[in-house]
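Visitor: Sequence first, predicted model second:
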Amino acid sequence: MHVSPAGPGIRPGRGYGAVVDNAARLTVLGSLNMDISVTVRSLPRPGATVLGSAAVFAPGGKGANQAVAAARLGGEGLIVALIGCAGDDDFGRTLRAALRAEGVDDSAVRTVTGVPTGIAMITVDQAGENIITVAPGANHELNVADIAEVAGDVLVISAEVPVPVISAALAAAAGRALRVLNLAPAPPEAAELIAAGPEWLVVNESEAAAALGRPVSGLTQAAAAAADLVAAGAGNAVVTAGAAGAAYCGPVGRGHPAGPGQGKTVVVTVPGFKVQATDSVGAGDTFVGALAVALAAGVRPADAVTAAAAAGAAAATRPGTQSGMPRPADVLAVTGHRWPLL
């Protein structure tokens, strides 16, 4: 089923209050990792060694993170499922249990024997900035057969899985689901994936730079990059710029997203919400999950981007990745922005 502008199963009522009809289904295709995090006074430079806190083990991976963010913000009117791979080990079992505890359907997560579950090694400084190194493990065992039954009103795809699977999923869901492509990290084939015409593309500044082959820094350049990404094939494009906010480009009007060359576009910049950040790990995944939920509910594009920015800002004020992802009340308390599905 293709998503209508009014949303498939949750529709905004007066004042964007959610009215639940038949539950919408949001499917995330992406990774599962065990995050191993250490907090340090300042991030190390190349060749340096720094001492940090005791290591913290917690569920992560872009796919799992985005699914949890969507589940926390979607309410009863949204079913969230994850497609991915995990190893037949303690980490894999822990990650799947964490998904189920959040109400995420993990029945399409395949257990791979003989390959370890993915690991992300995260270093966070006292300002909340971070560096992350990922050992993909079982995530790179995901194959086209795993997406044979991709279903849902919204399909969210992140890029910690093999590019051929991403391409196949975009093709399989065309005309059937609203496709939200998060090129994080941006693969060498980014241009080809964008040319496939996902209804929504979400990237940060460095990912936009990789896709466009030029530097992107700050909201002004993010806005220009978003317009160029729409020209390259995306129906709508969002370029996030960390604490500065996000830039959005998409078709003029309230209707269903148009492809490149099918009409005029508008560029909107959304200033960042001023918060005291403690841990930015997971803020970007919260943004993507929140945006997908708002779009599933039929929230207007620019308003959906603003709501996603508020959710991402709220996540940055809370320690942990999945554990720090906000619920609607948290978004309101931290940013003053009312989550649109309340």
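Guide: Structure received.

Visitor: Are there helices or strands packed against the longest helix anywhere in the chain, and which ones?
Guide: Criterion DSSP state H: the longest helix present in the chain is helix 301-316. Applying 3 or more CB pairs under 8 Å, 6 or more residues apart in numbering; DSSP states H and E, one finds that helix 301-316 makes contact with helix 62-74, strand 236-240, strand 245-251, strand 265-271, helix 283-296, helix 328-335. Every C-beta, even on glycine, is put in place using the N, C-alpha and C of the backbone.

Visitor: Serialize the ones you listed to CSV and add fields for distance to residue 306, mean pLDDT and mean neighbour count.
Guide: As requested, those are exported to CSV (distance: least, CB to CB, whole Å; pLDDT from 0 to 100; neighbours: other CB atoms under 10 Å):
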stretch, distance to residue 306, mean pLDDT, mean neighbour count
helix 62-74, 14, 97, 30
strand 236-240, 11, 98, 29
strand 245-251, 9, 97, 25
strand 265-271, 5, 96, 17
helix 283-296, 9, 97, 30
helix 328-335, 10, 96, 18
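
Visitor: related to what we said a few turns ago, for the longest helix of the chain, buried residues please.
Guide: 301, 304-316 (16 or more other CB atoms under 10 Å).

Visitor: Pick the one among these closest to residue 323.
Guide: residue 315 (10.2 Å; CB to CB).

Visitor: any chance you could map the helices in the stretch 1-150 of the chain?
Guide: Counting by DSSP state H, counting those that start in this stretch, the stretch 1-150 of the chain has helices at residues 62-74, 90-101.

Visitor: wait, which of the buried residues of helix 301-316 is closest to residue 288?
Guide: Of these, the one sitting nearest to residue 288 (CB to CB) turns out to be residue 308, at 7.5 Å.

Visitor: my guess is the closest one contacts residue 301, does it?
Guide: No - in this structure, residue 308 is not within contact of residue 301 by CB atoms under 8 Å, at 10.6 Å.

Visitor: wait, which of the helices of the stretch 1-150 of the chain is closest to residue 333?
Guide: helix 62-74 (14.1 Å).

Visitor: Distance from the closest one to the middle of the chain?
Guide: Chain-centre distance of helix 62-74: 8 Å, with CA atoms, centre = their mean, to the nearest Å.

Visitor: and the host helix or strand of residue 221 with strand 245-251, angle?
Guide: If you go by DSSP states H and E, residue 221 is part of helix 218-231. Put simply, helix 218-231 runs at 30 degrees to strand 245-251, going by axes from the mean of the first three to the mean of the last three CA atoms, to 10 degrees.

Visitor: And helix 218-231, what's buried?
Guide: For helix 218-231, burial by neighbour count (16+ other CB under 10 Å) applies to 219, 221, 222, 223, 224, 225, 226, 227, 228, 229, 230.

Visitor: Dump those to TSV, plus pLDDT.
Guide: Listed next are the buried residues of helix 218-231 as TSV, based on pLDDT from 0 to 100:
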residue	pLDDT
219	97
221	98
222	98
223	98
224	98
225	98
226	98
227	98
228	98
229	98
230	98
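
Visitor: Nearest to the middle of this structure, which residue? Look it up for me.
Guide: For the chain, residue 288 is the residue whose C-alpha lies nearest the centre (CA atoms, centre = their mean; 2.9 Å).

Visitor: Surely it touches residue 63?
Guide: No - in this structure residue 288 lies outside contact range of residue 63 using CB under 8 Å: 10.2 Å.

Visitor: can you list residues touching both of these two?
Guide: Common neighbours of residue 288 and residue 63 (criterion: CB atoms under 8 Å, 6 or more residues apart in numbering): residue 158.

Visitor: how about low-confidence regions in the stretch 1-150 of the chain?
Guide: Scanning the stretch 1-150 of the chain for pLDDT under 70 picks out 1-22.

Visitor: Identify the residues contacting the closest residue to residue 56 other than its chain neighbours.
Guide: Of all residues not flanking residue 56 in the chain, residue 37 sits nearest, at 4.7 Å (CB to CB, 6 or more residues apart in numbering). Applying CB under 8 Å, 6+ apart to residue 37 gives the contacts 55, 56, 58, 122, 123, 124, 281, 321.

Visitor: what separates residue 287 from residue 305, distance-wise?
Guide: Counting by CB to CB, to the nearest Å, the gap from residue 287 to residue 305 is 9 Å.

Visitor: repeat for residue 298
Guide: 14 Å.

Visitor: swap in residue 104?
Guide: 24 Å.

Visitor: before we move on, what about residue 229?
Guide: Residue 229 is 14 Å from residue 305, by CB to CB.

Visitor: buried residues in stretch 191-204?
Guide: For stretch 191-204, by 16+ other CB under 10 Å, it's 193, 194, 196, 197, 198, 199, 200, 201, 202, 203, 204.

Visitor: Now the two most distant members of the residues you listed.
Guide: 197 and 204 (21.0 Å).

Visitor: Let me see the contact set for residue 30.
Guide: Per CB under 8 Å, 6+ apart, neighbours of residue 30: 61-64, 66-67, 82-84, 156-158, 160-161.

Visitor: Residue 236: which of these is nearest?
Guide: Nearest to residue 236 among the contacts of residue 30, with distances taken as CB to CB, is residue 156, at 13.9 Å.

Visitor: Okay, and the closest one sits in which element?
Guide: Per DSSP H and E: strand 154-158 holds residue 156.

Visitor: So which other helices or strands are in contact with that strand?
Guide: Using 3+ CB pairs under 8 Å, 6+ apart, strand 154-158 sits against strand 24-29, helix 62-74, helix 163-173, strand 178-182, helix 283-296.
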